[in-house]
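*Asks:* with the input below, show me the fold.
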Amino acid sequence: MILSTGATANGLLVHADGAHGKQTVAADLVVHAAGREPDLDVLDLTAAQVRVSKNRLELNEYLQSVSNPLVYAAGDAASVGPPLTPVSSHDGKVVATNILEGNSRKPDFRGVPSVGPPWRLTERQARTQGLKFKVKSENTPNWYTARRLAEGVYGYKTLVEEGTGRILGAHIVGPHADEVINLFGLAIRHNLTARDLQTTMFAYPTGASDIGSMV
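*Replies:* Here you go, the predicted model:
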């Protein structure tokens, strides 16, 4: 756990406390990417009879407390979907609908794209689930998308379900990955197939124009 970060004449000092006790690390640059956990203790949820387990509220499929139906949770407090900003916004809309109109909407975390570690289906997870799929993976720094930007790192892996052709998962590293992954998220969320993507015309030259070759 990061306790604090302070500046010195020569750079930065990071003070942390973990399994090996307190440590101090000197660095030129500090990037905090450990994520966040909801600070539930200050809410005094016990007084409202809201049950908590493993630092998250116990919720039903409508993001409603199972012990106090007057309480709903979204985002970090719900900790149901991937810990991403768009997910918090999505949860908030689900909760607002259920509060105003009664429990009628459930969160939908299909095809949530992320820039960083994959939160969606990985090859190992797909095999564990018993899914039948084809894997297409390639290191492609020779593609024009990378060459025109002088990028030496460019590659992808996609999972396509056998029989249906549905896109199950996609992972990209390289130029425009932060934008292109959104299109794969769209495909997964709306059950688009590899054929759908292969027959779609994308503007050229853009990162999206490579999608048809990735599936």
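*Asks:* max-length helix in this structure?
*Replies:* Longest helix of the chain, by residue count under DSSP state H: helix 85-101.
*Asks:* following it, which helix or strand comes up?
*Replies:* helix 123-128 (DSSP states H and E).
*Asks:* what pairs with the helix or strand following that following helix, and is each one parallel or antiparallel?
*Replies:* Going down the chain from helix 123-128, the next helix or strand is strand 133-139, by DSSP H and E. Here strand 133-139 has these sheet partners by DSSP bridges: strand 155-161 (antiparallel).
*Asks:* helices and strands around the helix or strand following the strand it pairs with, which ones?
*Replies:* Sequence order places strand 167-173 as the next helix or strand after strand 155-161, per DSSP H and E. Applying 3 or more CB pairs under 8 Å, 6 or more residues apart in numbering; DSSP states H and E, we find strand 167-173 packed against helix 123-128, strand 155-161, helix 177-189. For every residue, glycine as well, the C-beta is placed using N, CA and C.
*Asks:* what's the most buried one of the ones you listed?
*Replies:* Per residue and on average, the most neighbours among these fall to strand 155-161, with a mean of 21 (mean count of other CB atoms under 10 Å).
*Asks:* picking that back up, so which of the helices and strands packed on strand 167-173 comes closest to V30?
*Replies:* helix 177-189 (22.3 Å; CB to CB).
*Asks:* tell me who's in contact with L57.
*Replies:* By CB atoms under 8 Å, 6 or more residues apart in numbering, L57 lies in contact with L40, L45, V50, R51, S65, V71, A73, A77, A78, S79.
*Asks:* ok, of these, which come out buried?
*Replies:* L40, L45, V50, S65, V71, A73, A77, A78, S79 (16 or more other CB atoms under 10 Å).
*Asks:* out of those, who's nearest Y144?
*Replies:* S79 (41.9 Å).
*Asks:* that closest one reaches E58, doesn't it?
*Replies:* No - contact criterion CB atoms under 8 Å: S79 and E58 do not qualify, at 10.8 Å.
*Asks:* low-confidence ranges in this protein?
*Replies:* Applying pLDDT under 70 to the chain flags residues 1-5, 33-36, 116-120.
*Asks:* before we move on, the earlier item: ok, of the buried ones among the contacts of L57, which one's closest to L149?
*Replies:* S79 (37.7 Å).
*Asks:* tell me the secondary structure of the closest one, please.
*Replies:* coil (DSSP: H, G, I helix; E, B strand; the rest coil).
*Asks:* check the spacing between it and G152 real quick.
*Replies:* 38 Å (CB to CB, to the nearest Å).
*Asks:* before we move on, back to that, quick one: the helices and strands packed on strand 167-173 as JSON lines, columns for distance to H171 too.
*Replies:* Converted to JSON lines, the helices and strands packed on strand 167-173 look like this (distance: least, CB to CB, whole Å):
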{"stretch": "helix 123-128", "distance to H171": "9"}
{"stretch": "strand 155-161", "distance to H171": "5"}
{"stretch": "helix 177-189", "distance to H171": "8"}
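*Asks:* quick revisit: now, the contacts of L57 that are in strands?
*Replies:* Members of the contacts of L57 lying in strands (criterion: DSSP state E): none.
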